[in-house]
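> Sequence below, structure please.
(chains A and B)
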There are 2 protein chains.
Amino acid sequence: MNQQELEVLRSKIDGLNLEILRLINERAEVVEQIGKIKEKQGVNRYDPLRERHMLDLLKEHNNGPLNQMTVDFIFKQIFKTALKQLEAEKKKELLV
Amino acid sequence: MNQQELEVLRSKIDGLNLEILRLINERAEVVEQIGKIKEKQGVNRYDPLRERHMLDLLKEHNNGPLNQMTVDFIFKQIFKTALKQLEAEKKKELLV
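Next up, the predicted model:
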């Protein structure tokens, strides 16, 4: 019985993971578009004030069970890695 | 013009962030339920085979722009921090 229940919960997790995957990729696409505009404007991609704003908004809307420390940590990783990958690709383009 | 476009893209990011927040919290709730079942079964919460399965499934479904290294990294953080917080809370319960 418990094993069956476990399988149901695991397939829920698999479904949630795929939804999160879709959203972080969609997010990366928008980050890419923002990067192009900022490039034209000649400003830096990384903007600590904007990051603070995003984290504050998440804090306002966080109803748990994940606490704010966990949410901040996960999102900082999402912010950082997306930007890092995009910058690495940009560098490659410049080297070609 | 570009500034206005930037604002539109930023509000898109804000919306995506909130959707991701909702999903990682929903995910944490399911992880919590799984933890309770595993506890009854007397098995460890952390299951490297299950983690491998989840990462493989994400790989199969990843259409970018984030590459697999980035996706793996972000999800490993999500897996680890959710588990860590739940375990810390469990410890607190035991200490009360």
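
> Okay, now the unreliable bits of chain A?
Low-confidence segments of chain A (pLDDT under 70): A:1, A:96.

> Tell me where the longest helix sits in it.
When chain A is parsed with DSSP state H, its longest helix is helix A:2-41.

> So for that helix, what gets flagged as buried?
For helix A:2-41, burial by neighbour count (16 or more other Cβ atoms under 10 Å in any protein chain shown) applies to A:6, A:9-10, A:12-13, A:16-18, A:20-21, A:23-35, A:38. In this view, the C-beta of every residue, glycine as well, is placed from N, C-alpha and C.

> now, which of those lie close to chain B?
A:6, A:9-10, A:12-13, A:16-18, A:20-21, A:23-34, A:38 (Cβ under 8 Å from any Cβ of the partner chain).

> on that earlier part again, would the next helix or strand after the longest helix of chain A count as contacting chain B?
Next helix or strand after helix A:2-41 toward the C-terminus (DSSP states H and E): helix A:48-61. Yes. Against chain B, helix A:48-61 shows contacts by Cβ under 8 Å from any Cβ at A:Arg50, A:Met54, A:Leu57, A:Leu58, A:His61.

> Could you list the buried residues of helix A:48-61?
Buried-residue list, helix A:48-61, by 16+ other Cβ under 10 Å: A:Met54, A:Leu55, A:Leu58.

> Show residues contacting that helix.
A:Gln68, A:Val71, A:Asp72, A:Phe75, A:Lys76, A:Phe79, B:Arg10, B:Ile13, B:Asp14, B:Asn17, B:Leu18, B:Leu21 (Cβ atoms under 8 Å, 6 or more residues apart in numbering or on different chains).

> which pair in those spans the largest distance?
Greatest spatial distance in these: A:Gln68 and B:Arg10, 21.7 Å, computed using Cβ to Cβ.

> Which helix or strand contains the residue positioned nearest the centre of chain A?
Nearest to the geometric centre of chain A sits A:Ile78, at 3.5 Å (Cα atoms, centre = their mean). Here A:Ile78 sits within helix A:68-95, counting by DSSP H and E.

> residues of that helix that come out buried?
Applying a neighbour-count criterion of 16+ other Cβ under 10 Å, one finds A:70-75, A:77-79, A:81-82, A:85-86 buried in helix A:68-95.

> Show the contacting residues for the nearest residue to A:Lys38 once chain neighbours are set aside.
Spatial nearest neighbour of A:Lys38, chain neighbours left out: A:Arg45 (5.7 Å); criterion: Cβ to Cβ, 6 or more residues apart in numbering or on different chains. Shown in contact with A:Arg45 (Cβ under 8 Å, 6+ apart): A:Ile34, A:Gly35, A:Lys38, A:Leu83, A:Leu86, A:Glu87.

> Sweet, I'm off.
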